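Chemist: how would this look folded up:
(one chain, ligands or ions: 3)
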Amino acid sequence: MEKQPRLLASQLLLKNSLFEVSLNRVLLTWKEIPTKKKRVSGGIHHPFKVAGPRSATAALAWIASLCRVNWMAHNLASEFFFMSWLTFFITSQGTSHGVSVSEILAVRELDVDSGRKDDGRWQKMPQKSTEAYPYAFTVSYVERAWQHRWRCSDVTFHCLEGALCQQWVQTIREQLTALTSRPKHLLVYINPYGGKQQGERIYEQKVAPLFTLASISTDVIVTEHANHARDHLRTEAELKQYDGVVCVGGDGMFSEMVHGLVSRTQRDNGVDQNSPEEKLVPCTLRIGIIPAGSTDCICYATVGINDPVTSALHIIVGDAQPMDVCSVHHNNTFLRYSVSLLGYGFYGDVLADSERKRWMGPARYDFSGFKTFLTHHYYEGTVSFLPATDILGTPRDKTRCRAGCFICQHNGQLYSEDAPEICETDPDVSDSEYKGGWRVIRGKFLAINAASMSCACPRSPKGLSPAAHLADGTTDLILVRKCSRFNFLRHLLRHTSKYDQFDMTFVEVHRVRRFRFTPRYCQSDSELDLRENGKRLFSQICRDHPACSCSPAYSSWNCDGEILPHAAIEVGVHCQLIKLFARGIEEQPVFEDLPNPCAV
Ligand SMILES: Nc1ncnc2c1ncn2[C@@H]1O[C@H](COP(=O)(O)OP(=O)(O)OP(=O)(O)O)[C@@H](O)[C@H]1O
Ligand SMILES: CCCCCCCCCCCCC/C=C/[C@@H](O)[C@H](CO)NC(=O)CCCCC
Ligand SMILES: [Ca+2]
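Modeler: Numbering: from 1, shown residues only. Ligands and ions are numbered 1, 2, ... in the order given. Predicted structure coming up:
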């Protein structure tokens, strides 16, 4: 490989040791220059970082957390694995450190005489360095912490001469300016009532200081009512002046951003959203999410954790993650967009019940989940779907959608080339048929779920469909047929363990491009409007169920946490319609892949 041109290389002082520091087009590296009288602070030569105010504590805390997890595991095999990995990690690391230029957040000169940084923050200066190396600059950069968290770390280099110090600062600033994907001006919407109602505090204390550090200017709107952000984006916002829009809230706030931005883009391009077959125009502005909601599943599945600082740093470095969006129609009328879960039956009923208990905060989902599980309602209807047979990947794959996902790239390419659909033949299922490439399945279902992405969240770290992809142009249609309460519980619990929730006789999963659902008791002429006429048709059902352990005729659709007004819907996936300030979940070293001995 061709060697990168060296832009700068100097011997600079760092924590009272001399380091060879160099910067090229992609990397800032620093490596300790061995001396006879090498100073090892506190007797511990910790391998995780050579400098920075929080490094030693962070390293110790990290080891402690590993030990705690290890202790909890009670598993000799994994313990041995942990310890060998830890030993390897400790012994294999030297004192050199590298930071990708794309993950440098800011650089600033340090006023050594006054001990004050030029951003007004105070810092204790080591006596030796101020005397011998009187000029200094601080580089802030992304450091990876536990479980996909990112943190802002600082390293301060001291120089002999002021000119050299300025040269370093200027060169790094030039490098950062050349990174065109980074946002400079953002429009931020804060929902003060999402999740635990901490949105404003989270933004002011954790996010705004990072945006200031990275010289990002913002216009901030604290929403005053539901759909405030959606309507502002759709009609009023002067989007040309922004490099992205950011929401502080949960999945509901993110959904508002998607609706505002997608509708605005279609309107500006003369696309009719009411036509289910219409190809939608992708949005150019990226969306950032600072998690402050109850489920935060979009954040969790695109970043790997629902952590405000991590999300802010992904925005600052200008990450871009494309995402599929499903459009939901009823009788050629547009209803809503969905990016995560479209759920009828169990998840629809959980949501409908939990909406009446918003005052409980995030705990409402646990309460309503338990209650809905006990009611054990099933629903009859017909599901028709167009299988995605021309693509890479299946819902039963062991591979996961991760940063730089090849399957998303490959299938996204296929979609943009408008590849013809290839249909399967010869179904071997008694209650299903094929019609022009569409498969039709009739039955009694406890749940019908369409997961356009994994839907991983703190409640279910692997998600509803662990192998689903963020940007492959498909959704995973999961059909859970009527079964005993015990079996349904086993299925639900498998969402929280390593076991396969699809490996059960009453569950099937299909990767699809489009699907339709018609409830059995659907009135074809005047389709029942659930919002206006929320009554369930118990009487009709009772005629079919003489024993009368009644299920209502209709459930509702949970569309990313919003209830849809119709039960009969048609859904189409729009490949990579939006982009997020994220990069997908990054692969982590070893310990994430260890078997979890606590799994059910
Ligand atoms: N100022 C406001 N007052 C009342 N409701 C609002 C306001 N701003 C936004 N909303 C609505 O609040 C709903 C819930 O918000 P949000 O998604 O932020 O939190 P959540 O529901 O607790 O989290 P999650 O969606 O992750 O479960 C959204 O659907 C949004 O439309
Ligand atoms: C009895 C034991 C039960 C254990 C079951 C665990 C299964 C958890 C799966 C969680 C799936 C979350 C899917 C995400 C959906 C979001 O678009 C939506 C908006 O935030 N959240 C909900 O509807 C909130 C839905 C919350 C459901 C619990
Ligand atoms: Ca998808």
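Chemist: Please identify the residues of the stretch 401-550 of the chain in proximity to ligand 2?
Modeler: Counting by C-beta under 6 Å from any ligand atom, the stretch 401-550 of the chain comes close to ligand 2 at 455, 457, 459-460, 464, 492-493, 495-496. C-beta here means a position set from N, CA and C on the backbone, and glycine is covered the same way.
Chemist: if we go to 5 Å?
Modeler: Residues of the stretch 401-550 of the chain lying near ligand 2 by C-beta under 5 Å from any ligand atom: 455, 459-460, 492, 495.
Chemist: Same check on the stretch 151-300 of the chain?
Modeler: Looking at ligand 2, the residues of the stretch 151-300 of the chain close enough under C-beta under 5 Å from any ligand atom are 251, 295, 297.
Chemist: how deep is the nearest residue to residue 303 once chain neighbours are set aside tucked in, by neighbour count?
Modeler: Spatial nearest neighbour of residue 303, excluding adjacent residues (C-beta to C-beta, 6 or more residues apart in numbering): residue 582 at 5.1 Å. Taking other C-beta atoms under 10 Å as the criterion, the count of residues near residue 582 is 27.
Chemist: Name all residues that make contact with residue 582.
Modeler: 299, 302-303, 311, 314, 319-321 (C-beta atoms under 8 Å, 6 or more residues apart in numbering).
Chemist: which of the residues of the stretch 401-550 of the chain next to ligand 2 tops the neighbour count?
Modeler: Most surrounded of these: other C-beta under 10 Å gives residue 455, at 29 neighbours.
Chemist: just to revisit the earlier point, quick one: least confident of the residues of the stretch 401-550 of the chain next to ligand 2?
Modeler: For those, the model is least confident at residue 459; its pLDDT is 87.
Chemist: distance of that one from residue 471?
Modeler: 24 Å (C-beta to C-beta, to the nearest Å).
Chemist: do residue 417 as well
Modeler: Separation of residue 417 from residue 471 (C-beta to C-beta): 15 Å.
Chemist: So those two - more neighbours on which side?
Modeler: residue 471 (27 against 8).
Chemist: That one and residue 321 touch, don't they?
Modeler: Yes - contact criterion C-beta atoms under 8 Å: residue 471 and residue 321 qualify, at 7.3 Å.
Chemist: Spatially, which two of the contacts of residue 582 are the most separated?
Modeler: 299 and 320 (15.6 Å; C-beta to C-beta).
Chemist: neighbour-wise, which of these two wins?
Modeler: For residue 299 versus residue 320, the count of surrounding residues by other C-beta under 10 Å is larger for residue 299: 29 against 13.
Chemist: Identify the residue nearest the most centrally placed residue in the chain in space, chain neighbours excluded?
Modeler: Central residue check for the chain by C-alpha atoms, centre = their mean: the C-alpha nearest the mean position is that of residue 302, 2.3 Å away. Spatial nearest neighbour of residue 302, excluding adjacent residues (C-beta to C-beta, 6+ apart): residue 582 at 4.0 Å.
Chemist: what's the neighbour count on residue 374?
Modeler: 8.
Chemist: same check, this time on residue 561
Modeler: Neighbours around residue 561, by other C-beta under 10 Å: 23.
Chemist: Could I get the phi/psi values of it?
Modeler: phi 90, psi 0 (degrees, to the nearest 10).
Chemist: List the residues that contact residue 234.
Modeler: Residues near residue 234 by C-beta under 8 Å, 6+ apart: 259-260, 263-264, 267.
Chemist: These into TSV, with extra columns for secondary structure and neighbour count?
Modeler: Listed next are the contacts of residue 234 as TSV, based on DSSP: H, G, I helix; E, B strand; the rest coil; neighbours: other C-beta atoms under 10 Å:
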residue	secondary structure	neighbour count
259	helix	21
260	helix	27
263	helix	20
264	helix	19
267	helix	14
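Chemist: Which secondary structure state does the residue nearest to residue 302 sit in?
Modeler: coil (DSSP: H, G, I helix; E, B strand; the rest coil).
Chemist: Residue 208 now?
Modeler: helix.
Chemist: how much space is there between it and residue 442?
Modeler: 54 Å.
Chemist: just to revisit the earlier point, could you verify my assumption that the residue nearest to the centre of the chain touches residue 319?
Modeler: No - using C-beta under 8 Å, residue 302 makes no contact with residue 319, being 9.3 Å away.
Chemist: What number of residues are in the vicinity of residue 34?
Modeler: Using other C-beta under 10 Å, residue 34 is surrounded by 9 other residues.
Chemist: Which element, helix or strand, includes it?
Modeler: Per DSSP states H and E, residue 34 falls between elements, in no helix or strand.
Chemist: is it true that residue 261 lies in a helix?
Modeler: Yes - assessed with three-state DSSP, residue 261 lies in a helix.
Chemist: distance of it from residue 408?
Modeler: 20 Å.
Chemist: do the same with residue 10
Modeler: As judged by C-beta to C-beta, residue 10 and residue 408 stand 42 Å apart.
Chemist: between the two, who's got more neighbours?
Modeler: Set residue 10 next to residue 408 and count neighbours by other C-beta under 10 Å: residue 408 wins out with 25 against 17.
Chemist: so how far is residue 393 from the more buried one?
Modeler: Separation of residue 408 from residue 393 (C-beta to C-beta) stands at 9 Å.
Chemist: can you list the weak-confidence ranges in the stretch 51-200 of the chain?
Modeler: 51-94, 113-130 (pLDDT under 70).
Chemist: Strands along that one, start to end?
Modeler: 97-100, 104-111, 116-117, 135-144, 150-159, 185-190 (DSSP state E, counting those that start in this stretch).
Chemist: Parallel or antiparallel, which strands does the second one pair with?
Modeler: If I follow you right, that is strand 104-111. strand 116-117 (antiparallel), strand 135-144 (antiparallel) (DSSP bridges).
Chemist: what do residue 408 and residue 393 both touch?
Modeler: By C-beta under 8 Å, 6+ apart, residue 408 and residue 393 have these common neighbours: 469, 472.
Chemist: By proximity to ligand 2, which residue of the stretch 451-600 of the chain wins?
Modeler: residue 561 (2.8 Å; C-beta to the nearest ligand atom).
Chemist: What residue in the stretch 101-250 of the chain comes nearest to ligand 3?
Modeler: Proximity of the stretch 101-250 of the chain to ligand 3 (C-beta to the ion) peaks at residue 148, 20.1 Å away.
Chemist: if we can go back for a sec, for the residue nearest to residue 303, grab phi and psi.
Modeler: Torsion angles, degrees, to the nearest 10, at residue 582: phi -160, psi 180.
Chemist: And ligand 1, is whichever helix or strand residue 350 is part of touching that?
Modeler: Secondary structure assigned from DSSP H and E places residue 350 in helix 346-355. No - judged by C-beta under 5 Å from any ligand atom, helix 346-355 stays clear of ligand 1, getting no closer than 9.0 Å.
Chemist: Kindly format the C-alpha coordinates of that helix as CSV.
Modeler: The C-alpha trace of helix 346-355 is given here as CSV (Å, rounded to 0.1, in the frame of the first residue of the first chain):
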residue,chain,number,x,y,z
PHE,A,346,-49.8,-8.3,20.4
TYR,A,347,-47.7,-5.1,19.8
GLY,A,348,-50.8,-3.2,18.6
ASP,A,349,-52.7,-4.1,21.8
VAL,A,350,-49.7,-3.3,24.0
LEU,A,351,-49.5,0.1,22.5
ALA,A,352,-53.2,0.8,22.6
ASP,A,353,-53.3,-0.1,26.3
SER,A,354,-50.1,1.8,27.1
GLU,A,355,-51.2,5.1,25.5
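Chemist: which residues are contacting that helix?
Modeler: Applying C-beta under 8 Å, 6+ apart, the set of residues contacting helix 346-355 is 341, 343, 360, 364-365, 367-369, 371-373, 375, 377, 446-447, 449, 480, 555-558, 561-563.
Chemist: Go through it and flag the buried ones.
Modeler: 346-354 (16 or more other C-beta atoms under 10 Å).
Chemist: Could you point out which residue ranges in this protein have low pLDDT?
Modeler: 1-5, 36-94, 113-130, 418-436, 522-550, 589-600.
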